[in-house]
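Trainee: below are the sequence and a predicted model for it; my questions follow.
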Amino acid sequence: MQTIILLTLSNIFMTFAWYGHLKFRDSPLWIVILISWGIAFFEYCLQVPANRYGYGKFSAAELKTLQEVITLVVFALFSVFYLGEPLKWNVVLGFGLIVFAVWIIFRW
């Protein structure tokens, strides 16, 4: 559970680092880049321990798969609640197919 919590927190930081600036399109790009790097620092402070603690309980492929699913969930919530974008049916279907792929990876 520790790994999943750390991965979730790190993805929240990374989502804001990568996409949070979209609400501030008038800000100079160099400022946005510096702020994003600053936010990403905290993402790494959580991501690296998550992988360190999780490796052995999960394979590297399983850790990456968990990270991708968490990223999709965090991004879906972020795009709806922060960016105010609707979650369209094709996006939900695509995310669902990725979750199905995760089931396959963990099943066999």
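Mentor: Sure, I can see it. Numbering: from 1, shown residues only.
Trainee: show me how far the helix ranked longest in the chain is from its chain's centre.
Mentor: When the chain is parsed with DSSP state H, its longest helix is helix 29-54. Relative to its chain's centre, helix 29-54 lies at 11 Å (C-alpha atoms, centre = their mean, to the nearest Å).
Trainee: list the buried residues for that helix?
Mentor: Across helix 29-54, burial judged by 16 or more other C-beta atoms under 10 Å covers 32, 35, 36, 39, 40, 42, 43, 46, 47, 50, 51, 54. Bear in mind the C-beta positions are built from the backbone N, C-alpha and C, glycine included.
Trainee: contacting residues around the third one?
Mentor: This points to residue 36. Residue 36 makes contact with 17, 18, 20, 21 under the criterion C-beta atoms under 8 Å, 6 or more residues apart in numbering.
Trainee: pretty sure the first one is touching residue 34, no?
Mentor: So that's residue 17. No. Using C-beta atoms under 8 Å as the test, residue 17 is too far from residue 34 to be in contact (11.0 Å).
Trainee: show me the contacts for the residue most central in space within the chain.
Mentor: Compute the mean C-alpha point of the chain, and by C-alpha atoms, centre = their mean the closest residue is residue 71, 2.6 Å away. Remark: with contacts taken as C-beta under 8 Å, 6+ apart, residue 71 is in contact with 11, 14, 15.
Trainee: which of the residues you listed lies closest to residue 100?
Mentor: residue 11 (20.2 Å; C-beta to C-beta).
Trainee: sec struct for the closest one, please.
Mentor: helix (DSSP: H, G, I helix; E, B strand; the rest coil).
Trainee: which non-adjacent residue is nearest it?
Mentor: residue 74 (4.5 Å; C-beta to C-beta, 6 or more residues apart in numbering).
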